[in-house]
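S.K.: the following comprises the amino acid sequence and a computationally predicted model.
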Amino acid sequence: MLRLLAFLLLAATASWAFAKEAAPAAADPALEQRVMTLSAELRCLVCQNQTIADSNAPLAEDLRNQVREKMRQGISDSQIIDFMVARYGDFVLYRPPLKLTTVLLWFGPLLLLAAGFVVLLRRVLRRRPAPDLEMTAAEKKRARTLLAGNEAEPR
Amino acid sequence: MNRFVLPLAIFAALIALLGVGLTLNPREVPSPLIGKPAPHFELPQLHEGTKTFTEKDMLGKVWVLNVWASWCVSCREEHPVLLDLAASGVVPLYGLNYKDKREDGLAWLKGMGDPYRLSIYDFDGKVGIDYGVYGVPETYVIDKLGVIRYKRIGPLTREIVKEKVLPLVQELGRA
């Protein structure tokens, strides 16, 4: 009787342990680390300026689970990235690939900087020397009288 | 006066560029699935959980797949448009009940009317991921060869149905 009871108890906890395993628990810290590193490269499409590692949106959670599941199956990071791009497009990548359509995105800022330099250079080169600011003797004399508070300016 | 012309022109161009940017919807990300075969699925039906449905059942027909959920607010807005589309009988409309509770999905269809020939039941959203779903409702037009020809993210409107979906369905039907 006792044996049967023990068996039942064990069986019950065993199935409970099984059920626990299905939950996306951080049982394997190394795997979890890999999941988070890769998730930080992927954009959550619901909240577009967050990665799926940062976002708590249900879709981000699902996608993290997909990443985890695929890693457990031994699928490589780049294959997982390809999987995501096939479904959501390049937009899912936080670091967009260098393509004809993204050339402006990658080099636009550099182009603007170069244009700024050109404008600056042209302005500097074209600058004329400042006019002579030395006062003549007559101007100096006039200034002195004005500074002395003599209203009646000699003409 | 001449030296203001160039900066002014650049400024005007920038305004034009940003102005166009404002009219675009950042949610409308071009789908890489257009022109590709519809991803394979075989899912239980919503009404009859023991029966399954797969995209292969629709080979040889032009059809519309609409992703919906009872928790989705915009689906409520879209629903009358779908009812009209279904009533017109122009194209078979199938539903994909996305990440929903079965009883909630059924209650929604009962209360609001069921525009779908049938709905399939994607509880964990895996088929949704294969179809690149991220903003329910989403709608796909699939041709006779099982290739996705059009995708709409967000609710269908009467204008979109009239100007995009129906002409495309007619064109594909002739092919």
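M.R.: Ah, there it is.

S.K.: for residue B:144, what are phi and psi?
M.R.: The phi/psi pair for residue B:144 (degrees, to the nearest 10) reads phi -60, psi -30.

S.K.: isn't it up against residue B:175?
M.R.: Yes. If you go by C-beta atoms under 8 Å, residue B:144 and residue B:175 touch, sitting 6.9 Å apart. For the C-beta atoms, the positions are set from N, CA and C on the backbone; glycine is no exception.

S.K.: gap between residue A:32 and chain B?
M.R.: Distance of residue A:32 to chain B, given as C-beta to the nearest C-beta, to the nearest Å: 20 Å.

S.K.: what is the neighbour count of residue 70?
M.R.: You didn't pick a chain, so chain A it is. Neighbour count for residue A:70, taken as other C-beta atoms under 10 Å in any protein chain shown: 18.

S.K.: ah, I was thinking of chain B
M.R.: 19.

S.K.: over to residue B:22?
M.R.: By other C-beta under 10 Å, the residues close to residue B:22 number 6.

S.K.: now it: which helix or strand?
M.R.: Secondary structure from DSSP states H and E places residue B:22 in helix B:5-23.

S.K.: ok so, going back, residue B:144 and residue B:175: which is more packed in?
M.R.: Between residue B:144 and residue B:175, counted using other C-beta under 10 Å, residue B:144 has the larger neighbour count: 14 against 8.

S.K.: dump the residue contacts of residue 99.
M.R.: Looking at chain A here, since you left the chain open. residue A:90 (C-beta atoms under 8 Å, 6 or more residues apart in numbering or on different chains).

S.K.: meant chain B, my bad for not saying
M.R.: By C-beta under 8 Å, 6+ apart, the contact list for residue B:99 reads A:58, B:69, B:71, B:122, B:123, B:124, B:125, B:128.

S.K.: can you pull up the most central residue in chain A?
M.R.: residue A:94 (7.2 Å; C-alpha atoms, centre = their mean).

S.K.: now chain B
M.R.: residue B:139 (1.2 Å).

S.K.: for it, list the residues it contacts.
M.R.: Applying C-beta under 8 Å, 6+ apart, we find residue B:139 in contact with B:64, B:65, B:66, B:67, B:150, B:151, B:152, B:156, B:165.

S.K.: mind listing what the strand or helix carrying it pairs with, with the direction of each?
M.R.: Using DSSP H and E, residue B:139 sits within strand B:138-142. In the sheet, strand B:138-142 lines up against strand B:63-68 (antiparallel), strand B:148-153 (antiparallel) (DSSP bridges).

S.K.: with just CA atoms, put the last one into PDB.
M.R.: Once non-C-alpha atoms are left out, strand B:148-153 reads as follows in PDB (Å, rounded to 0.1, in the frame of the first residue of the first chain):
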ATOM      1  CA  ILE B 148       0.500  35.500 -52.300                       C
ATOM      2  CA  ARG B 149      -0.200  38.500 -54.500                       C
ATOM      3  CA  TYR B 150      -1.300  41.100 -52.100                       C
ATOM      4  CA  LYS B 151      -1.100  41.800 -48.400                       C
ATOM      5  CA  ARG B 152      -2.800  44.400 -46.300                       C
ATOM      6  CA  ILE B 153      -1.700  45.100 -42.800                       C
END
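
S.K.: per-residue confidence averaged over that strand?
M.R.: In this model, strand B:148-153 has an average pLDDT of 92.

S.K.: right, and the helix or strand after that strand?
M.R.: The first helix or strand that comes after strand B:148-153 along the chain, using DSSP H and E, is helix B:158-160.

S.K.: in that following helix, what's buried?
M.R.: Buried residues in helix B:158-160, counted by 16 or more other C-beta atoms under 10 Å in any protein chain shown: residue B:160.

S.K.: could you identify the helix or strand that succeeds the helix ranked longest in chain A?
M.R.: Longest helix in chain A by number of residues (criterion: DSSP state H): helix A:103-126. Tracing the chain C-terminally past helix A:103-126 and defining elements by DSSP H and E, one meets helix A:137-147 next.

S.K.: tell me which element residue 80 falls in.
M.R.: Let's take chain A. Going by DSSP H and E, residue A:80 is part of helix A:77-88.

S.K.: wait, I meant chain B there
M.R.: helix B:73-88.

S.K.: can you list the neighbours in contact with that helix?
M.R.: If you take C-beta under 8 Å, 6+ apart as the criterion, helix B:73-88 is touched by B:64, B:66, B:68-69, B:91, B:93, B:112-113, B:115-116, B:136-137, B:154-158, B:161, B:165.

S.K.: need the buried ones from these selected in ChimeraX.
M.R.: A single ChimeraX command is used to select the members of the contacts of helix B:73-88 judged buried by 16+ other C-beta under 10 Å:
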select /B:64,66,68,69,91,93,115,116,136,137,154,155,156,161,165
